[in-house]
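> Build the 3D model from these lines:
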Amino acid sequence: MSRRVRQKCSHSKEKDQTNISSETLDSGCLNCATICAVDWTTLLDDTVIQLFSYLNYRDRASLASTCRTFRLLGSLPCLWGSLDLRSHKFDTAAAISLSSRCKNLQRLKFHAAGSADAIVSLQARALREISGDFCRDITDAALSVIAARHEMLESVHLGPDACERISSDAIKALAYCCPRLTRLWMSGIREVNGDAINALAKHCRQLKDVGLVESDNIDEVALGNLSSIKFLSVAGTRNLKWGSVAQVWSRLPHLAGLDVSRTDVNLSAVTRFLSSSQNLKVLLALNCPVFEGEVDRNTMHYQKGRILLTFFDDMFKGVASLFNDNSKNVTDMLQYCRKLKSRDKNLDEIVVWIEWVISHSLLRIAENNLKEFDEFWLTQGAAVLLSLLQSSQEEVQERAATAVATFVVVDDENATVDCQRAEAILRGDGIRLLLNLARSCQEGLQSEAAKGIANLSIDSKVAKAIAENGGINILANLAKSMNRLVAEEAAGGLWNLSVGDEHKGAIAEAGGINALVDLLFKWPSSTDGLLERATGALANLGADEKCSMEVAMAGGIHALVMLARTCKVEGVQEQAARALANLAAHGDSNSNNAAIGQEAGALEALVQLTYSQNEGVRQEAAGALWNLSFDDKNREIISAAGGIEALVALAQSSSSASQGLQERAAGALWGLSVSETNSIAIGRQGGIAPLIALARSDIEDVHETAAGALWNLAFYRDNALRIVLDEGVQPLVHLCSSSISKMARFMAALALVYMFDGRIDADVPVGPLPSSQGIPKTPNIDGIGRMALKHVEEFVISFYDPQTFYAAAASLVPTALAQIAEAIRIPEAGHLRCSATEIDRFVRMLRDPSSILKSCSAFALLQFTMPGGRHAMHHSGLLRNACAPRVLRAAAAASTAPIQAKIFAKIVLRNLEHHHEVSR
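Take a look at the predicted model:
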């Protein structure tokens, strides 16, 4: 029952544990053998400090608490110059606990939701840079207090989410309190008025880089007063008056880089910028529909020493034109610039800024997922992203990795990737680049790289490359991270890689199963994204028999049952139920089926999940109950927990549901109907009518499963009569005659012979009878039975070849019978298991004067006893206990029996002899 599953994206950041050896640095994790071999008390102080530098602040504090020496070394200012708190819960209490170490803190990254107020409690008065994401909740008051307490601030970056609650008042507070400000970058501020901009111009005389992106209203004339700025971005900003903008901004004396991407800038403004700006070197106009509609790309001429970067020009060549050397043949100009030995400081600044703004715009364009950019992504967009993955700026690398993860997905709901885009990343050596970032000790890079690897692995070719380049080991290690968001993305990668059978063994060998199970215990139920990914991966792995045993040994059954019982998130419920279904699907080959039933509340929880409002949850819960019902004890517990009533209701409501839900609802009722008590209860609670409706389905899997359930139910007289009264004979006859599935035809034929082997004829009252639908009916049992058995006879004859059969009857060579047996074998029938009473009934049919019943029963016993069938030995023993060999020999020798009945009986005898020899 393994199926392809979906995967989602998310965020994260920080640092992972590594060792000091170069081998460990390459792998990105501590090697157990190395840990055991090191005498930590003898390490040099410099080595310990290096070790501390690889840890996030929580792990750093934990290691520092182990001894006095480590406490001293772990508090050194050089280790606390930078903090990335984006993936950690950062509140006032956490800030106070860190404050003694943060006197020299200069750089801080934080997750703004709930953290902005805590920054003040760090008492980091020397703070130079702050960078916050998820900034929707930051208010003017919070930002003003941060500015007032940190007068040394030089860089403020809030985004890429919109700063909806920040206004011009907070910008004025920054201007008044932080005169050393050199960089200000904010996203989604609704209005930036002239007073705020003029305050920046007056008080922040060193301000060089301003980004006011995706805003609704900016005083563009006031921006012309920022005479110190060298770089300006208004990407995505609306309502700019480009006539006055071009006139005012062109006079900015130091402006070297201008980004107007994703705006409605026009050709006239672009021409004015390029011709009139005194020091402008770079103008970015990516995805500017008005400009692109007006410009004649063949006649557009640029001023010497100035470049215009657009989607319709080669961006690498554009950057190359900044240099006067022989770099025109370089394919990746950004990478070339990074490697230059003699670097011009001004050009270096420009290239760093270009990387920054391009990474922002490409991420936004990837998020919009517009079809019109297909050509751009394939011709140069993917190559640009791969170049940005190699940037010296960590933030640019993160955004590039996120953009890679985003632009390859064309349908997130159905986990569909664009194969051409994914393979463009593969051809450009992107897998190696992403895996290198995933090995980083920076948790932000780990998370975003793992996200990219996860989404790309949906493509089978890329998944193979990931596995071949050691990606499975990397993801398995990242899944052990104490950073929840890193572990979440790694679990997503393992989820996608475990879809097929190719990588399941490698995931288990890399320790992925233990890591995934540990995640279910480690993180609270509120972390639904992580839990859904981890349970989804375990569900896929559970479809493999060997892996399913490892999941059980790792405690996975208990963890999954816990989620099924307590978690209220539908995605997690669905994957937990699917995982339990797959773990229980291996029959007698392991004990998982019984083990799940023995977990307290497991079956009761699955029964309750069939009432979920989410169809996926109902489907997977029914699938789990279907598999679990193969265990005798489980069947009774499911029934006692109200499972019959729940599944009948599910089948009744499934007429417009998905194929999967219909099949599983019918399958669960089929599994429960093995018990006589359950079978009768299903009939009495109205389960027959919906099964008949499902038997009418054109979908093979659905009507085959419904036929199996009706076969079981028809064994009992009352149920057989209800099938007749509910007009179920005609659908069964149709299946017996016309289904593509041999199994559906076989089981429909068996249901019909159960119904019309003489059991119900004498017991049907003369008067009208109520059906299970409450409508009085007077059936013509004899007429219906003759018609039904005629179709059963045609079904049996369809396996009959006169020439072969008569030759086999005249021959004494055993191979003739073996050839017929293989020719008429239905492989799936080997999975069916009959009880002693069912076998006795088939034996009685062999004695029946009806040639149709003789032939059909002999054909059924042939299928049940074929060597290689899962339950062939079981059926062979039941037949011997019922003295069937004597009856079979009589049937094979009867002069009045049809030739096919004789041959079938002989094959059954041959099968019994085979099993007898094997069991000796």
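> residue contacts, residue 457?
463, 466, 471, 493, 496, 497 (Cβ atoms under 8 Å, 6 or more residues apart in numbering). (Glycine included, C-beta is placed from N, CA and C.)
> Would you reformat the residues you listed as JSON lines and include pLDDT, neighbour count and distance to residue 77?
Below are those laid out as JSON lines (pLDDT from 0 to 100; neighbours: other Cβ atoms under 10 Å; distance: Cβ to Cβ, whole Å):
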{"residue": "463", "pLDDT": "96", "neighbour count": "25", "distance to residue 77": "45"}
{"residue": "466", "pLDDT": "97", "neighbour count": "26", "distance to residue 77": "40"}
{"residue": "471", "pLDDT": "97", "neighbour count": "29", "distance to residue 77": "37"}
{"residue": "493", "pLDDT": "97", "neighbour count": "33", "distance to residue 77": "37"}
{"residue": "496", "pLDDT": "96", "neighbour count": "30", "distance to residue 77": "43"}
{"residue": "497", "pLDDT": "97", "neighbour count": "27", "distance to residue 77": "42"}
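> how close does residue 505 get to residue 436?
25 Å (Cβ to Cβ, to the nearest Å).
> So for the two, which residue has more residues nearby?
More crowded of residue 505 and residue 436, by other Cβ atoms under 10 Å: residue 436, with 17 against 14.
> which secondary structure element contains that one?
Assigned by DSSP states H and E, residue 436 belongs to helix 430-438.
> mind listing the strands for the stretch 301-450 of the chain?
307-309, 409-411, 416-417 (DSSP state E, counting those that start in this stretch).
> Of those, flag the one that's most buried.
strand 307-309 (a mean of 22; mean count of other Cβ atoms under 10 Å).
> who touches it?
With Cβ under 8 Å, 6+ apart as the test, strand 307-309 has contacts from 270, 274, 281-286, 300, 302, 315, 318-319, 321-322, 354, 358.
> go with 10 Å
Strand 307-309 has contacts (Cβ atoms under 10 Å, 6 or more residues apart in numbering) with 259, 261, 270-271, 273-274, 280-286, 291, 295, 300, 302, 313, 315-322, 350, 354, 357-358, 361.
> Show me the protein divided up by domain.
Domain ranges of the chain: 40-79, 642-760+779-795, 799-918, per the TED database.
> I'd like those domains laid out as JSON lines, including mean neighbour count, distance to residue 346 and mean pLDDT.
Below are these laid out as JSON lines (neighbours: other Cβ atoms under 10 Å; distance: least, Cβ to Cβ, whole Å; pLDDT from 0 to 100):
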{"stretch": "domain 40-79", "mean neighbour count": "16", "distance to residue 346": "31", "mean pLDDT": "79"}
{"stretch": "domain 642-760+779-795", "mean neighbour count": "22", "distance to residue 346": "61", "mean pLDDT": "95"}
{"stretch": "domain 799-918", "mean neighbour count": "18", "distance to residue 346": "74", "mean pLDDT": "92"}
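> Any idea which of those domains gets closest to residue 476?
When the domains of the chain are ranked by distance to residue 476, counting by Cβ to Cβ, first place goes to domain 40-79 at 19.2 Å.
> sorry, back to before: pull the most distant pair out of the contacts of residue 457.
Largest pairwise distance in the contacts of residue 457, by Cβ to Cβ, is 11.0 Å, between 471 and 496.
> ok, which stretches of the stretch 551-700 of the chain are strands?
For the stretch 551-700 of the chain, no strands turn up when DSSP E, counting those that start in this stretch is the criterion.
> can you give me the helices for it?
556-566, 570-583, 592-598, 602-609, 615-628, 632-640, 643-652, 659-672, 676-684, 688-695, 700-713 (DSSP state H, counting those that start in this stretch).
> sorry, back to before: shared neighbours of residue 471 and residue 496, anything?
Going by Cβ under 10 Å, 6+ apart, residues that sit against residue 471 and also against residue 496 are 453, 454, 456, 457, 462, 463, 503.
> Report the buried members of the residues you listed.
Using 16 or more other Cβ atoms under 10 Å as the burial test, the shared contacts of residue 471 and residue 496 include 453, 454, 456, 457, 462, 463, 503 as buried.
> Just the residues you listed: which are in helices?
Using DSSP state H, the subset of those located in helices is 453, 454, 456, 462, 463.
> residues touching residue 151, list them.
Contacts for residue 151 (Cβ under 10 Å, 6+ apart) come out as 125, 126, 127, 176, 177, 178, 179, 180.
> of those residues, closest to residue 139?
residue 177 (16.0 Å).
> The residue nearest to the closest one when sequence neighbours are not counted in helix, strand or coil?
Leaving aside its chain neighbours, residue 177 sits nearest to residue 147 (4.1 Å; criterion: Cβ to Cβ, 6 or more residues apart in numbering). Under DSSP: H, G, I helix; E, B strand; the rest coil, residue 147 falls in the helix class.
> Residue 147 against residue 156, yeah?
Yes - Residue 147 lies in contact with residue 156 (Cβ atoms under 10 Å); the separation is 8.2 Å.
> Need the residues touching each of the two.
130, 171, 174, 178, 181.
> and the third one, how many neighbours does it have?
Put plainly, it is residue 174. Residue 174: 24 surrounding residues under other Cβ under 10 Å.
> Any buried residues in stretch 121-132, and which?
Neighbour count says stretch 121-132 has 121, 122, 123, 124, 127, 128, 129, 130, 131, 132 buried, by 16+ other Cβ under 10 Å.
> Report the rounded mean pLDDT for that stretch.
For stretch 121-132, mean pLDDT is 91.
> Can you lay out the buried residues of stretch 121-132 as JSON lines showing distance to residue 641 and secondary structure?
Converted to JSON lines, these look like this (distance: Cβ to Cβ, whole Å; DSSP: H, G, I helix; E, B strand; the rest coil):
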{"residue": "121", "distance to residue 641": "51", "secondary structure": "helix"}
{"residue": "122", "distance to residue 641": "53", "secondary structure": "helix"}
{"residue": "123", "distance to residue 641": "57", "secondary structure": "coil"}
{"residue": "124", "distance to residue 641": "57", "secondary structure": "coil"}
{"residue": "127", "distance to residue 641": "59", "secondary structure": "coil"}
{"residue": "128", "distance to residue 641": "62", "secondary structure": "coil"}
{"residue": "129", "distance to residue 641": "58", "secondary structure": "strand"}
{"residue": "130", "distance to residue 641": "55", "secondary structure": "strand"}
{"residue": "131", "distance to residue 641": "53", "secondary structure": "strand"}
{"residue": "132", "distance to residue 641": "50", "secondary structure": "strand"}
